[in-house]
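Student: sequence plus the predicted model coming up.
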Amino acid sequence: MADEEQITAKEWEELFRENAQRLNLVPECPELWVAKARLMMLDDHPEDHEPSGLDEVERCILHALELEPDHMEALEEAAHFYHVMIPDREKAIMYAQRYVQVAGKVVGEMQAIIDDSN
């Protein structure tokens, strides 16, 4: 990313603040927990935000999956998290397989819509 495209510290703070406000309003929304995990993983200054760290990232991803076990973004993040961030092959494979299973179901549903349209 070019320097002019970098997010400023103030913009990061605003993203975290907005996410926290939304989570306070709708804590049962898995998308917001995934967004929080992504923000924390991309943040260059995690010490500026509490709580932080990989344990908190993991907690956010797993909480999203508790709320919605088939949530595709949370499954994807979990697979990547355990593949790269905290290597755990068994967990990475488990979440990746679940993602592929759910994605296959969604593809089938979308194909049925296309077929019904013809």
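Tutor: Thanks, I have it.
Student: please name the residues that touch the most centrally placed residue in the chain.
Tutor: Centroid-nearest residue in the chain: residue 34, 2.9 Å away (criterion: C-alpha atoms, centre = their mean). Residues in contact with residue 34 (C-beta atoms under 8 Å, 6 or more residues apart in numbering) are 60, 61, 64, 71, 73, 74, 77. Quick note: C-beta positions are derived from backbone N, CA and C, even for glycine.
Student: tell me the secondary structure at residue 90.
Tutor: When classified by DSSP: H, G, I helix; E, B strand; the rest coil, residue 90 comes out as helix.
Student: look up how far residue 58 lies from it.
Tutor: 15 Å (C-beta to C-beta, to the nearest Å).
Student: which one of these two has more residues nearby?
Tutor: residue 58 (18 against 8; other C-beta atoms under 10 Å).
Student: helix or strand: which one has the more buried one?
Tutor: For residue 58, the host element (DSSP states H and E) is helix 54-67.
Student: what packs against that helix?
Tutor: Counting contacts by 3 or more C-beta pairs under 8 Å, 6 or more residues apart in numbering; DSSP states H and E, helix 54-67 packs against helix 30-42, helix 72-80.
Student: select, out of the ones you listed, the one closest to residue 24.
Tutor: helix 30-42 (9.8 Å; C-beta to C-beta).
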